[in-house]
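Trainee: Here is a sequence together with a model predicted from it:
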Amino acid sequence: MDWAFQRRMMVSRQLRGRGIRDERVLQAMLEIPREEFVPEEDRDGAYVDEPLEIGYGQTISQPYMTALMAQCLELEGHETVLEVGAGCGYHAAVLGVLAARVFAIELIPELAAMARENLEKTGRAGNITVIAGDGSLGYPPEAPYDAISVAAAAAEIPRALLEQLKDGGRMVIPVGPYSDQELRVVRKRDGEIDWHVAAYCRFVPLREAAPRVD
Ligand code: SAH
C-alpha cells in the first residue's frame, strides 16, 4: 500500500476539495501516518472519507472533521492546547504539529494507553502528553489553554472548559444530542464568551466519570 499517495489523495480530495484552506493543517495531515492510528485489521481503510471504529464503542473521526476542527482553532505554533477525547491519538498528533504543546485527555484508560503507544511508535510523543481521566472537567494542572478541542458531544459546553480557556482563546466543541449536533467555535474575549456554528456533525457523547456537584 502506498500510504503517502493515499495521504495526498485524502488531502486534495477530502480536505482541500471541500474547503479546508489552512496550509499548516493540510501539511500536518500530509505528515501524520493515519494508518498507524487505526486498528491493524482496518489499516486498508485508514484514508476513507468516514469515521472508523477503534474499539470500546469509540471512533477515529472522519479526516475532514479533524481538519475542520484544527482549522477552526487558528493555531500558529506557539500554543498550549487541550484535547478532550484523545481516542487513538490521531487528532492529538495533528495538533502536535500545529501547536507547541498538547495535553490530550481520554476517559477510557485502555484507549489512553493506545494513544500513548501510537504517538510513541510514530515519534510524535515529544510535545504531547496523554492523560487518562474525565476531560469534561478539563485538565487544571496545565490550564489555562490557548485552544481546546473537544472530540465528543456535550449537552452544553462544560463550565470547567470555559474556565480553563485563556482570554483570547478558541475552543471547538460539538454540542447537542446524538443525531443532531452543531460544531461550535467558541471564543473568549475580555471574559465574554461568543460562538458560531462551523458545521453540523455526529460525535460520540462526552461522558462524565462522576456526577459533578456544583
Ligand atoms: N480524537 C479522536 C476521536 C476520539 S472519539 C481522533 O483522533 O479521531 C472521542 C473520544 O472521547 C472517545 O475515545 C471517548 O472515550 C472519549 N470521551 C468521551 N467522554 C470523555 C470524557 N468525559 N473525557 C475524556 N474523554 C472522553
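Mentor: Sure, I can see it.
Trainee: For the protein, which segments are assigned as strands?
Mentor: 52-55, 58-60, 80-84, 101-106, 128-132, 145-150, 165-175, 181-189, 192-201 (DSSP state E).
Trainee: Name the residues of the chain found near the ligand, please.
Mentor: With C-beta under 6 Å from any ligand atom as the criterion, the chain comes near the ligand at residues 58-61, 66, 84-88, 90-91, 105-108, 111, 134-136, 151-152, 204, 206-208. In this view, the C-beta of every residue, glycine as well, is placed from N, C-alpha and C.
Trainee: mind listing which of those residues are in helices?
Mentor: Mapping the residues of the chain next to the ligand onto helices (DSSP state H) picks out Thr66, Tyr90, His91, Leu111.
Trainee: Could you say which of those residues is surrounded by the most neighbours?
Mentor: Counting neighbours by other C-beta atoms under 10 Å, Tyr90 leads these with 29 neighbours.
Trainee: show me the contacts for it.
Mentor: Applying C-beta atoms under 8 Å, 6 or more residues apart in numbering to Tyr90 gives the contacts Ile32, Arg34, Phe37, Val38, Ile60, Ser61, Thr66, Asn118.
Trainee: same question, Ile157
Mentor: Ile157 touches Met171, Ile173, Val175, Arg184, Val186, counting by C-beta under 8 Å, 6+ apart.
Trainee: which of those has the most neighbours?
Mentor: Ranking the contacts of Ile157 using other C-beta under 10 Å puts Ile173 first, with 28 neighbours.
Trainee: Surely it and Ile148 touch.
Mentor: Yes: judged on C-beta atoms under 8 Å, Ile173 makes contact with Ile148 at a distance of 7.5 Å.
Trainee: burial of Glu117, as a residue count?
Mentor: For Glu117, using other C-beta under 10 Å, the count is 14.
Trainee: Same question for Arg207.
Mentor: By other C-beta under 10 Å, the residues close to Arg207 number 13.
Trainee: And for it, nearest residue in space, chain neighbours not counted?
Mentor: By the measure of C-beta to C-beta, 6 or more residues apart in numbering, the closest residue to Arg207 outside its immediate chain neighbours is Leu107, 5.9 Å from it.
Trainee: Backbone dihedrals for the one you found, please?
Mentor: The phi/psi pair for Leu107 (degrees, to the nearest 10) reads phi -70, psi -40.
Trainee: ok, it - how many residues close by?
Mentor: Using other C-beta under 10 Å, Leu107 is surrounded by 21 other residues.
Trainee: Can you give me the distance of it to Arg184?
Mentor: Distance, Leu107 to Arg184, using C-beta to C-beta, to the nearest Å: 21 Å.
Trainee: need the contact list for Asp42.
Mentor: Leu52, Glu53.
Trainee: Check it and give its pLDDT.
Mentor: Looking at Asp42, its pLDDT reads 92.
Trainee: again, but for the one 3 residues further on
Mentor: Per-residue pLDDT puts Gly45 at 95.
Trainee: in terms of contact, does it touch Arg34 like I think?
Mentor: No: counting by C-beta under 8 Å, Gly45 does not reach Arg34; the two are 10.2 Å apart.
Trainee: okay, and the common contacts of Ile173 and Ile148?
Mentor: Common neighbours of Ile173 and Ile148, counting by C-beta under 8 Å, 6+ apart, are Leu161.
Trainee: where in the chain is pLDDT low?
Mentor: For the chain, applying pLDDT under 70 flags the ranges 209-214.
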